[in-house]
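**Q** need a 3D model of the sequence below.
(2 chains)
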Amino acid sequence: MAVVERPLGGVTVPKPPETNEYAGWESWLTTVDHKKIGIMYIVGAFVFFLIGGIEALLMRTQLGTPNNTFLTPDVYNQMMTMHGTTMVFLAIMPFNVGIANFVVPLMIGARDMAFPRLNALSIWLFFFGGLMLYFSFMAGGAPAVGWFAYAPLTMKQYSPTFGVDYWIIGLLLTGIASISGSLNFIVTILNMRAPGMTMNRMPLYVWMTLITSFILVFAFPSLTAGQIALLFDRHFDTRFFNPAQGGDAVLWMHLFWFFGHPEVYILILPTMGIVSEVLPTFSRKPIFGYAFVAYSGVAIGFLGFLVWAHHMFGVGLGPLANAFFSGASMLIAIPTGVKIFNWIATMYLGSISLKTPMYYAIGFVSMFIIGGISGITLASPPIDLQQTDSYYVVAHFHYVLFGGSIFGIFAGMHYWFPKITGRMYNETLGKIQFWLTFLSFNITFFPMHITGTNGMPRRIYTYEAGMGWDVYNLISTFGSFLMAFGILVLVWNAITSIRNGPPAPNDPWDGSSLEWSTPSPPPAHNFDTIPIVYSRRPLWDTKYPDLDAAFDIGTKAVSRREKIEQEKARMGELPTESHIHMPSPTYSPLIAAFGILVAGFGAIYISVPFAFIAGLIGLVILGVGIFGWVRDSRRDSPYLVSQH
Amino acid sequence: MSTPPTHTTQDTHGTPSSHAAPAPMLGSLGVDSRKLGVWAFIGSETLFFAALITIYLIMAPVNMARSDAQDPKEFLDIAFTSLLAAILLASSLTMVLALAANKRGDTRQFRIWHLATVILGFCFLGGQVYEFNKLLHEGVTLSSSLFGTSFFVLTGFHGTHVAIGAIWLLSTFFKVTKYPDSPENAMDIELAGLYWHFVDLVWVAIFTLIYLI
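**A** A predicted model of the protein is given here:
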């Protein structure tokens, strides 16, 4: 186990004084530290992941046997809606955001995100949005319209409770959180890189986070516009999506899927980035085809905006539209396939170290291939028309979202667990949990391919016996409970390891990127000296200076030591900092987010008399928060501090 | 494993002068971080308005084909909204003049042009309130027709953005007036101005696509 304890090249500057303004739980409420915010994101996402899992278990219990009466149809619809919405918006997205929050600034050699207070606003809006959505259970019933919320089922006469309104405003809050978080990532990654960290030297995880952030910033407004129109339809009798009055239900589908398809890349691209870090580290070999992996991500992000109507082949858009969207969808298989071959080539001839993150990364690649292939079949309109709205589709997207995203997230959570917590997790438990999850995942979802091709429709609360679905459904239900047991093992491993795990060294995996040069866990200011970067793998350079530089495309082999000297000469004098300046903790983002929450309740009940008072109170609280925010930013201004 | 740091530039670059004007906070791209953030935000907002405008354009022919159609040509007063467009475009000009005056260090001119921008913004909003009122009295409401539905939501959200922009400009004005020596003032004004120009540009698109065509 190689441990890097020496600093990278750089200038030592005075450390900032420790801030004692807030301690204990207040330090979490007031934090603007990207690492604490990242941890809060991960913990919050995990709690919602467990809740969404419980909803799935309730559904699987209902579907385990035919003609079951465990859940009423209405409760089943609520569970289905909340499971989908929770897993997409409150589990996988914040998992990814949380890991990126913790890791990205460390990877690019920054002390924090570009906008630390905006980062704090994002975490609170995510929490409040999620809690608001779940508050609907106590306010007359959760939404029961599916996570896609198709019109006209969402119209007031068919969904009379306020569930849909909670869905709209709750997701609007998490949407503001996501957009401001993405703006933060874009600026951080483009503008806060350490000296020498050019775009083409960034770790691939940073590349994927950057691409994801751009996708999110451009995809979410379509959902927001649609949701606002839907809110007006429900409260002010506008006619956007109400076919009875000339509205257009298919318009909602277009608005939703113009967001919804890029959304699946928002869910999968960051985990592709995680796998692109884990596979080279545990193969002890640089990633194969760095540029191809990075630019394939760009291609996926771009093509992702041109394929939304493949979710709507069943509508009957006509042969021309079907042909275009089918062709564009199949095109995406090319950059995705490029990545898969690059990952496999990375492992090829590597000295593979089979640790838990590597298990999950290999699991990701193999399960994602299955989900990808069933996706290609669905991209073909004739096959899609046969399979649409069947359990085949459910099997497909669980293979990419669980077998893909969640496996990738688990790989990342094990990989960075020592860095985040300062403790090692239990390797044996990690591997047991991997096999439990891997087997139970396939036991649960593989039979759905068969029930789907045998005609079992999705989104139904029960079915008749003797349709040829009974055994497969029972197997799926058994698998889902085994999966829940696997997750319990994960929880147990995490809790016991945080409490009693052996202390983690700085660099337990012999990693190549900058986060492994910091202590575990890293101090508030991340780096005592801002590192200077001379290659794509700065840590391997300092640890193995006599090996050949892997990226050199010249004919002569150059050692890393020589390469660094060449780079130093080429880069010349670099800017340095004269002091470390960290932003102060503050309550302002929490206050501002609370104001938006209160105003959001006003918006949910917007057509109810006097609800506007809640909106006004919320805006006043928001104003107080923004006022404090401006005061904080003035107090922390680097211009003013540098003048003292 | 311990070798001393391999690279140091402290001796060449280590003495910050206390009274020199501070350098702008430029990042790896050579752009101010906040400016980059506002540009990315404007990119996001563009897609929001693109969605609302698309909804309007999709609903327009359906509206005309229905028995309860309300013809925009009958209700929209192009002469009046041309005046509103002129007001908003003039406010973009005064915004440019305010920023230029601030860069020259001409406080008096800055105050005049910056406040003029805010006042023109509120004039536009007043005009929009008048226009909405007139339409409501003529029977065009949110629920009267597809035209009413898509028109009010689109222009209403644009008006909301104008209001937010005006409040942003006003708070920038108070901040700059209270702390005239702050080195961040120029960027504060520029960012508020950037957003203001964007809101004006959206109106140009709405005016052309909804009123003129």
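**Q** so the residue nearest to residue B:116 when sequence neighbours are not counted, which state does it fall into?
**A** Of all residues not flanking residue B:116 in the chain, residue B:94 sits nearest, at 4.4 Å (CB to CB, 6 or more residues apart in numbering or on different chains). Every residue, glycine included, has its C-beta placed from N, CA and C. Per DSSP: H, G, I helix; E, B strand; the rest coil, the secondary structure class of residue B:94 is helix.
**Q** how long is stretch B:138-149 end to end?
**A** In terms of CA to CA, to the nearest Å, the two terminal residues of stretch B:138-149 are separated by 15 Å.
**Q** residue A:186 touches residue A:212, doesn't it?
**A** No. Applying CB atoms under 8 Å as the test, residue A:186 and residue A:212 come out as separate, 10.0 Å apart.
**Q** between the two, which is the more surrounded one?
**A** A direct count of neighbours by other CB atoms under 10 Å in any protein chain shown for residue A:186 and residue A:212 places residue A:212 higher, at 28 against 23.
**Q** and whatever helix or strand that one lives in, what does it pack against?
**A** Here residue A:212, judged by DSSP states H and E, is contained in helix A:204-236. Judged by 3 or more CB pairs under 8 Å, 6 or more residues apart in numbering or on different chains; DSSP states H and E, the packing partners of helix A:204-236 are helix A:93-107, helix A:163-191, helix A:249-283, helix A:290-303, helix B:33-65, helix B:146-178.
**Q** just name the most buried of those helices.
**A** Highest mean neighbour count of the helices and strands packed on helix A:204-236: helix A:93-107, a mean of 28 (counted as mean count of other CB atoms under 10 Å in any protein chain shown).
**Q** show me what it is packed against.
**A** helix A:34-63, helix A:116-135, helix A:163-191, helix A:204-236, helix A:249-283, helix A:407-421.
**Q** by proximity to chain B, which residue of the stretch 151-300 of chain A wins?
**A** residue A:191 (2.9 Å; CB to the nearest CB).
**Q** look up how far residue A:301 lies from that residue.
**A** Using CB to CB, to the nearest Å, we find residue A:191 at a distance of 20 Å from residue A:301.
**Q** same check on residue B:143?
**A** Counting by CB to CB - residue B:143 and residue A:301 are separated by 39 Å.
**Q** would you mind listing what in the stretch 251-400 of chain A touches chain B?
**A** A:251, A:255, A:258 (CB under 8 Å from any CB of the partner chain).
**Q** let's see that with 7 Å instead.
**A** Applying CB under 7 Å from any CB of the partner chain, we find that the stretch 251-400 of chain A lies next to chain B at A:251, A:255.
**Q** residue A:56 and chain B: what is the separation?
**A** Separation of residue A:56 from chain B (CB to the nearest CB, to the nearest Å): 32 Å.
**Q** per-residue pLDDT of the residue nearest to residue B:116, please?
**A** Reported pLDDT at residue B:94 in the predicted model: 97.
**Q** which residues touch it?
**A** Contacts for residue B:94 (CB atoms under 7 Å, 6 or more residues apart in numbering or on different chains) come out as B:113, B:116-117, B:120.
**Q** so the closest residue to residue A:166 other than its chain neighbours versus residue A:364, what's the distance?
**A** Leaving aside its chain neighbours, residue A:166 sits nearest to residue A:136 (3.6 Å; criterion: CB to CB, 6+ apart). Distance, residue A:136 to residue A:364, using CB to CB: 33 Å.
**Q** in terms of neighbours, single out the busier of these two.
**A** residue A:364 (27 against 24).
**Q** that one touches residue A:407, doesn't it?
**A** Yes. If you go by CB atoms under 7 Å, residue A:364 and residue A:407 touch, sitting 4.2 Å apart.
**Q** so, low pLDDT: which residues of chain A?
**A** Where chain A drops to pLDDT under 70, the residues are A:1-21, A:549-556, A:575-578, A:637-644.
**Q** actually, chain B.
**A** If you take pLDDT under 70 as the line, chain B has these spans: B:1-26.
**Q** 90 - rerun?
**A** B:1-31, B:105, B:178-185, B:212-213 (pLDDT under 90).
**Q** for residue B:148, which non-adjacent residue is closest in space?
**A** Spatial nearest neighbour of residue B:148, excluding adjacent residues (CB to CB, 6+ apart): residue B:140 at 4.7 Å.
**Q** that neighbour contacts residue B:72, doesn't it?
**A** No. Using CB under 7 Å, residue B:140 is not in contact with residue B:72, being 9.1 Å away.
**Q** which residue packs closest to residue 84, ignoring adjacent ones?
**A** Using chain A here. Closest residue in space to residue A:84, ignoring its immediate chain neighbours: residue A:147 at 3.2 Å, by CB to CB, 6+ apart.
**Q** chain B, not that one
**A** Per CB to CB, 6+ apart, closest to residue B:84 is residue B:127, 4.5 Å.
**Q** which of the contacts of residue B:94 has the most neighbours?
**A** Busiest of the contacts of residue B:94 [other CB under 10 Å] is residue B:117, holding 27 neighbours.
**Q** so the host helix or strand of that one versus helix B:146-178, what angle?
**A** Per DSSP H and E, residue B:117 falls inside helix B:107-137. Counting by axes from the mean of the first three to the mean of the last three CA atoms, to 10 degrees, helix B:107-137 lies at 160 degrees to helix B:146-178.
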